[in-house]
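*Asks:* Generate coordinates for the sequence data below:
(one chain, ligands or ions: 1)
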Amino acid sequence: MEQSDRDDTLAAENRDLRARLSEAEETLRAIRNGEVDALVVAGPGGDQVFTLRGADYAYRVLVEEMSEGALILTAQGVIFYANRRLAQMLKVPLQQVIGASFERWVTAVDQALFRALMNRASPQTHQRMELTLRADDGTGVPCYLSVSSLQLGEVVGSFCLVATDLTEQKRSEAIVAAEKLARLILDQTAEAIVVCDNDARIMRASEVAHTLCGENPLEQPFERVFPLQEANGAPFSLARFRNTGHRRRIETRLERQGAVFYLLVSVGPLVGSQGERLGSVVILTDITQRKAAEEQIEQLAFYDPLTRLPNRRLLRDRLHQAVATCTRTRRQGALLFIDLDDFKTLNDTLGHDIGDLLLQQVAQRLIDSVRMRDTVARLGGDEFVVMLEDLGTQPQEAAAQVQVVGAKVLTALTQPYELAGHHCHSTPSIGATLIGEYPVSVDELLKRADLAMYQAKAAGRNTLRFFDPEMQAALEARTALESELREALREGQFLLWYQAQVDSEGRLTGAEALVRWLHPRRGLVAPARFIPLAEETGLILPLGRWVLETACSQLARWAQRPQTAGLTLAVNVSAREFRHPGFVAQVEAVLEVSGADPHRLKLELTESLLLEDIADTIAKMTALKALGVGFSLDDFGTGYSSLSYLKRLPLDQLKIDQSFVRDVLTDPNDAAIARTIVALAHSLGLAVIAEGVETEGQRAFLLESGCRAFQGYLFGRPGPVEGLWQCC
Ligand SMILES: Nc1nc2c(ncn2[C@@H]2O[C@@H]3COP(=O)(O)O[C@H]4[C@@H](O)[C@H](n5cnc6c(=O)[nH]c(N)nc65)O[C@@H]4COP(=O)(O)O[C@H]3[C@H]2O)c(=O)[nH]1
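*Replies:* A predicted model of the protein is given here:
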């Protein structure tokens, strides 16, 4: 480099230095005069800002105390002024804010927007936007930013920013929005939602809940607004779920204005933020339609659509259960297979519609012929099945019950039918089999009943046949005996025989009346052969009345002669007679008509009869006792005597059963029983009589034991009344 060039360069540097010195002197002057707030010093690491005290203090205080964040940025976006609020918003010390680039706190998503905003800013216009700042602790600070450009002294292109913290506002907006959403959800769900406090009072209820209860449910007890019933009919109560920590579901019914709703109630706890129980949230879902659909499905799956009776599938199911029950309870059941005779002909001649009507009427008649708990099913076509349960424990007894039901079914189904203007007749063939205590497969039972039904067809139709031939024979005999008994009553084939009753001296004190049947072919029939059947069929009622009338007439005749006026007559009364509601009135009427002295009449009752319905027994005995009628307890010692009951009954006499008397001399047990009965009778203030006394030894023993009255072959066998005088 030439000397002249070097001189030029030095002169230029000298000028530059002088200019910068005068600039520095001017700055120092401005600083001294308080005209400068901050200094921006450009350096290799970017602009550096230095704030200076002494500027306009009042403005500074105002800006420092305002609730918005305020800042001034250089053209490069460096903060050379910020108030304390901004530092708080950004969660950073104020010293670190000054001199930092503002964009550091603008979230990445908002940065492009922010820059565009700065570009648009001018001294005349305020640019505004919402953006989110990211504070130093990582939290987002939603802000409303207002920007305007300004000229600060000689610093051109600076910006003044005011940042309003929207955090609180956003939070309240969020709460309001959440509240709105919750309400919308509550009101737009198909379920009725009810929120209750811990006392089951309703705090909130959805739109559907309002509609469902038809009133304003708020503040009301839940159970009053929703009087729900559980499946077992018990009233639903929220209290039951008070201690449940999880949601539970239960199906209920609600009756409202004559309509029935089925509701699925789901109850769950309402838990506060600290885990405390605030109440319950109840969701009620209307499942009425679903229920109806379920019922329809069940109807289709298990019921015959034409007659609405259980179909084969349901019958098999019930049969399974019945077999198990019979085995467990040892009570018999029965299966009746019913087929309509000539149904096909009716169907072919009158058409299927008429055939269907017949089947429907048959179904109804079958239902009417059996008890509620029995099952009537249709297997298809003209085949029906009746399943009877809870019959007697003995096969014979059960078979007799089946026959009664079978007869009822036969009578019901043979009545004329009115089928859409057609008068028709139909008869059934019935096959029956017992479901006994030994388990037999369902298929086997159906097969047996089916086979028996074919036997009924073969036997001329319109009849019932049992699968078991022995049973069939026994039933036939029984049926024959029943019709003969009826005839015997009509024809007066019964006789009343008398058996003497004597005192300790062997003197006649009276007699027991014992009925006999003088059968035209079989001769004299003992009561054991026909009394049980008479009881079962109810024929004991007319027969018993006849016995009572005959006995009372006899008493009235005896009353006319001094030698016989003091005699008593014991008359047996069966359970069925005694239980009849008109029994007391009947005895009273017979006594009145015959003119017999009630004090001479002794009714013999059995222990089992007395204890059957103790209240009824006491009432009837007391009423008869008031007329003067006496009571003897027959067969004493053979049942389960309950002394406490015995004391309450107005009895006059205990009768020692002949089974004890028979072996009284040979069996020490029987001897002890006989003695005890005598002692018991005495302690209860009752008379005692021994029946079945056949030997002098038996009489002597009983006499020695304190028994003073006797009856038995030793003194005379039962026979016509005249025989009484011969034996004693
Ligand atoms: N081995 C033996 N037997 C004797 C002796 N003395 C009497 N008997 C029999 O013992 C039965 C006594 O009658 P019951 O215990 O009342 O038992 C009666 C009674 O329960 C019932 N019965 C009889 N007549 C009637 C009646 O008119 N109405 C009702 N409801 N039942 C009656 O039939 C049962 C049987 O009557 P019967 O055959 O007449 O049998 C009678 C009688 O003939 C004896 O020394 N040895």
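*Asks:* Only C-alpha atoms from now on, for both contacts and neighbour counts.
*Replies:* Noted.
*Asks:* so where's this protein uncertain?
*Replies:* Low-confidence segments of the chain (pLDDT under 70): 1-4, 6, 10, 13-14, 16-58, 151-156, 437, 639-642, 727-728.
*Asks:* Walk me through the domains of it.
*Replies:* 1-28, 34-166, 189-292, 306-467, 488-727 (automatic domain parsing).
*Asks:* Which of these sits closest to the ligand?
*Replies:* Closest to the ligand of these is domain 488-727 (Cα to the nearest ligand atom; 3.4 Å).
*Asks:* wait, does the closest one make contact with the ligand?
*Replies:* Yes - using Cα under 6 Å from any ligand atom, domain 488-727 reaches the ligand at 514-515, 526-528, 544, 547, 572-574, 691-694, 712-713, 718.
*Asks:* Distance from the chain centre to that domain, please.
*Replies:* Distance of domain 488-727 from the chain centroid (Cα atoms, centre = their mean, to the nearest Å) equals 51 Å.
*Asks:* Please apply the same query to stretch 147-166.
*Replies:* 78 Å.
*Asks:* for stretch 419-437, which positions count as buried?
*Replies:* Residues of stretch 419-437 classed as buried: 419, 426-437 (neighbour count, 16 or more other Cα atoms under 10 Å).
*Asks:* Stretch 352-369 now?
*Replies:* For stretch 352-369, the neighbour count (16+ other Cα under 10 Å) marks 354-367, 369 as buried.
*Asks:* Specify the local secondary structure of the spatially most central residue of the chain.
*Replies:* With distances taken as Cα atoms, centre = their mean, the residue of the chain nearest its centroid is residue 232 (2.6 Å). Following DSSP: H, G, I helix; E, B strand; the rest coil, we place residue 232 in the coil state.
*Asks:* Tell me the spacing between it and residue 197.
*Replies:* For residue 232, the distance to residue 197 equals 27 Å [Cα to Cα, to the nearest Å].
*Asks:* do residue 487 as well
*Replies:* For residue 487 relative to residue 197 (Cα to Cα), the value is 78 Å.
*Asks:* With residue 165 instead?
*Replies:* Relative to residue 197, residue 165 is positioned 38 Å away (Cα to Cα).
*Asks:* ok, now residue 558?
*Replies:* 86 Å.
*Asks:* what residues does stretch 452-471 touch?
*Replies:* For stretch 452-471, the surrounding residues in contact (Cα atoms under 8 Å, 6 or more residues apart in numbering) are 337-339, 341, 396, 399, 403, 406-407, 410, 427-433, 448-449, 451, 472.
*Asks:* Just the CA atoms of it, as CSV, please.
*Replies:* C-alpha atoms of stretch 452-471 as CSV (Å, rounded to 0.1, in the frame of the first residue of the first chain):
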residue,chain,number,x,y,z
ALA,A,452,-101.5,-97.8,26.9
MET,A,453,-103.3,-95.3,24.7
TYR,A,454,-103.3,-97.9,21.8
GLN,A,455,-104.7,-100.5,24.3
ALA,A,456,-107.5,-98.0,25.0
LYS,A,457,-108.2,-97.7,21.3
ALA,A,458,-108.2,-101.5,21.0
ALA,A,459,-110.6,-101.7,23.9
GLY,A,460,-113.2,-99.8,21.9
ARG,A,461,-112.0,-96.2,22.3
ASN,A,462,-113.5,-93.5,24.6
THR,A,463,-111.8,-95.1,27.5
LEU,A,464,-108.7,-95.1,29.7
ARG,A,465,-106.2,-97.9,29.9
PHE,A,466,-103.2,-98.3,32.2
PHE,A,467,-99.9,-99.5,31.0
ASP,A,468,-99.5,-101.9,33.9
PRO,A,469,-101.9,-104.9,33.5
GLU,A,470,-102.1,-105.5,37.3
MET,A,471,-103.0,-101.9,37.9
